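Chemist: Sequence and computational prediction follow.
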Amino acid sequence: MPIATLLILLAASLLVLALAILWSVFFLSPLTVGSCRYFMESRQGDSPFRTLFGIFQRPYLNVVKVQFLTNLKIGVGFLLLVVPGVYWFYCYALVPYLLAENPYLTTTRAMALSKALMYGEKFHLFLLRLSFLGWDLLCVLTLGFGYYFLAPYKNATYAEFYAAMRAKALAQGLSSPQELGGFVRHDASDF
């Protein structure tokens, strides 16, 4: 194969990789925050589906920045050694929920608050995630079709975990009701 063809393939691969990273940073990460908000609002009753995309109209770039820097730190931890990556993954597991509740949080505050909330709770979250292993295996047997049913159940369970951690934060004075104002329904004018 000529070198020119290899260079074209390499350039095309790098372009596809760059586009995938941009898609993840600017669309999938904010969509994760919107999903967290949707499931938290669903705990309190019906939540409009547009809540899922509402994060794209609020301080969107702050959410992108915080999610990017959090994921970058976790990724670097996995590259250095696996143990720091796993530790940071569990330390910062609540950052999307915190951003869903208050999209104006700074990166430092969101990461610090998530780390404080997860103090002594990392193993509990690990066990919670591990409890879905059997369901995940069954979904693999259905060639992935079962995930359409399992994913909402898992997300609702993680929303309940965050609700418990949020109550802990307010009870221990780690945060205030002004910072974590709660998940309330929005009017159409908010979107």
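Modeler: Happy to help now that I have it. As the structure is a computational prediction, the values presented were derived from the model and not from experiment.
Chemist: Give me the below-cutoff pLDDT ranges for the chain.
Modeler: 1, 46-47, 49, 58, 183-191 (pLDDT under 70).
Chemist: SS state for Leu180?
Modeler: Of the three states, Leu180 takes coil under DSSP: H, G, I helix; E, B strand; the rest coil.
Chemist: residues touching the closest residue to it other than its chain neighbours, list them.
Modeler: Leaving aside its chain neighbours, Leu180 sits nearest to Glu101 (5.4 Å; criterion: CB to CB, 6 or more residues apart in numbering). Every residue, glycine included, has its C-beta placed from N, CA and C. Taking CB atoms under 8 Å, 6 or more residues apart in numbering, we find Glu101 in contact with 37, 40, 166, 180-183.
Chemist: quick one: secondary structure of the residue nearest the centre of the chain?
Modeler: Centroid-nearest residue in the chain: Pro96, 4.1 Å away (criterion: CA atoms, centre = their mean). Applying three-state DSSP to Pro96 yields a three-state assignment of helix.
Chemist: List only buried entries from the contacts of Glu101.
Modeler: 37, 40, 166, 180, 183 (16 or more other CB atoms under 10 Å).
Chemist: How much space separates Ser29 from Leu180?
Modeler: Look at Ser29 and Leu180: by CB to CB, to the nearest Å, they are 20 Å apart.
Chemist: whoops, I mixed them up, Pro48
Modeler: Separation of Pro48 from Leu180 (CB to CB): 21 Å.
Chemist: Repeat that for Leu22.
Modeler: As judged by CB to CB, Leu22 and Leu180 stand 31 Å apart.
Chemist: before we move on, what about Gln172?
Modeler: Distance, Gln172 to Leu180, using CB to CB: 12 Å.
Chemist: So the residue nearest to the centre of the chain is in contact with Thr32, correct?
Modeler: Yes: taking contacts as CB atoms under 8 Å, Pro96 lies within contact range of Thr32: 5.1 Å.
Chemist: shared neighbours, these two?
Modeler: Common neighbours of Pro96 and Thr32, counting by CB under 8 Å, 6+ apart, are Gln67.
Chemist: Which parts of stretch 67-84 count as buried, going by neighbours?
Modeler: Within stretch 67-84, the residues scored as buried using 16+ other CB under 10 Å are 67-71, 73-74, 77, 84.
Chemist: From those, which land in helices?
Modeler: 67-71, 73-74, 77, 84 (DSSP state H).
Chemist: and the strand or helix carrying Gly134, what other elements does it pack with?
Modeler: Using DSSP states H and E, Gly134 sits in helix 133-141. Using 3 or more CB pairs under 8 Å, 6 or more residues apart in numbering; DSSP states H and E, the elements in contact with helix 133-141 are helix 147-172.
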